[in-house]
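Asker: my questions concern the predicted model and sequence given below.
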Amino acid sequence: NPSRRPLIAGNWKMFHGGRKGVELAQECATFAGGLPGVDIVVAPPFTALAAVASVLEGSPVGLAAQNVYPKDEGAFTGEISPPMLKECGCSWVIVGHSERREHFGERNTFVAEKVAATLQAGLLPIVCVGESLAQRQANETLLIVKQQVDAFLDILAQSKAAVAIAYEPVWAIGTGKVAGPAEAEEVHAAIRTWLSTRDEGLAARTRILYGGSVKPDNAAALLACPNVDGALVGGASLDAGSFSAIARAA
Ligand code: PEP
């Protein structure tokens, strides 16, 4: 879809929090300059955000945080607020990643609060949704993903921001098991329908990314699906060679 430029985002997880992150960001800035048709975003750990922001200044690569706390400031030891991320040079925030849902008990209501706080600060969320293996095997994929989307749908509809939703089946994250293009497209198309039922404009401007073991050799087939507008890449984003190959596939 021409109104939704491909978006390729790299989630570095808890890797490259210092000097290595700066080097990787430099390599991303270099290859992104040669790919004007694709939006590239990197999400380093908090400790590397400021240094990576300086490296990316003047480059087309966008900066994302991996998480955020939904208050502007206050007595919340160890947490980071949306305005702080904005001041640091971020334009994006990954919200509701399955690892946060699984290891840190983040529930749909809390994810929705984060989406609201992120938009309030003028940042764009990449909101993550996706079913577990047991849920897929029980044929509950669309039910679960719809519950996750419904939790933040009104918040997105009330904003005019061009946000991103990442469909990341939990069983495909970091496992090397990738959803087939047809499996991915089925869920992406369903998400698009739920968005358009709520607000046509929202459906038209929201980029729906696929995430879960995206690699250079499977990226093209996934990105060719009509409702796959990009990718959220974990492991393969830690290497500039594979990350740029995925971006070229878009
Ligand atoms: C992710 O962390 O969002 C992800 C999709 O990881 P991976 O590409 O390693 O499966």
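Answerer: Noted; the coordinates are in hand.
Asker: quick one: terminal-to-terminal distance for stretch 59-66?
Answerer: 20 Å (Cα to Cα, to the nearest Å).
Asker: mind listing what's buried along that stretch?
Answerer: 59, 61, 62, 63, 64, 65, 66 (16 or more other Cβ atoms under 10 Å). Any C-beta I mention is one placed from the backbone N, CA and C, and that applies to glycine too.
Asker: secondary structure and distance to the ligand for those - can I get that in a markdown table?
Answerer: Listed next are the buried residues of stretch 59-66 as a markdown table, based on DSSP: H, G, I helix; E, B strand; the rest coil; distance: Cβ to the nearest ligand atom, whole Å:
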| residue | secondary structure | distance to the ligand |
| --- | --- | --- |
| 59 | coil | 22 |
| 61 | coil | 18 |
| 62 | strand | 16 |
| 63 | strand | 17 |
| 64 | strand | 11 |
| 65 | strand | 14 |
| 66 | coil | 9 |
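Asker: now do the residue nearest the centre of the chain against the ligand, distance only.
Answerer: Residue closest to the average C-alpha location in the chain (Cα atoms, centre = their mean): residue 126, at 3.9 Å. Residue 126 is 9 Å from the ligand, where distance means Cβ to the nearest ligand atom, to the nearest Å.
Asker: picking that back up, let me have the buried residues of stretch 59-66 in TSV, adding pLDDT as columns.
Answerer: Listed next are these as TSV, based on pLDDT from 0 to 100:
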residue	pLDDT
59	96
61	98
62	98
63	98
64	98
65	98
66	98
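Asker: up against the ligand, what does this protein have?
Answerer: 11, 13, 168, 173-174, 211-214, 232-236 (Cβ under 6 Å from any ligand atom).
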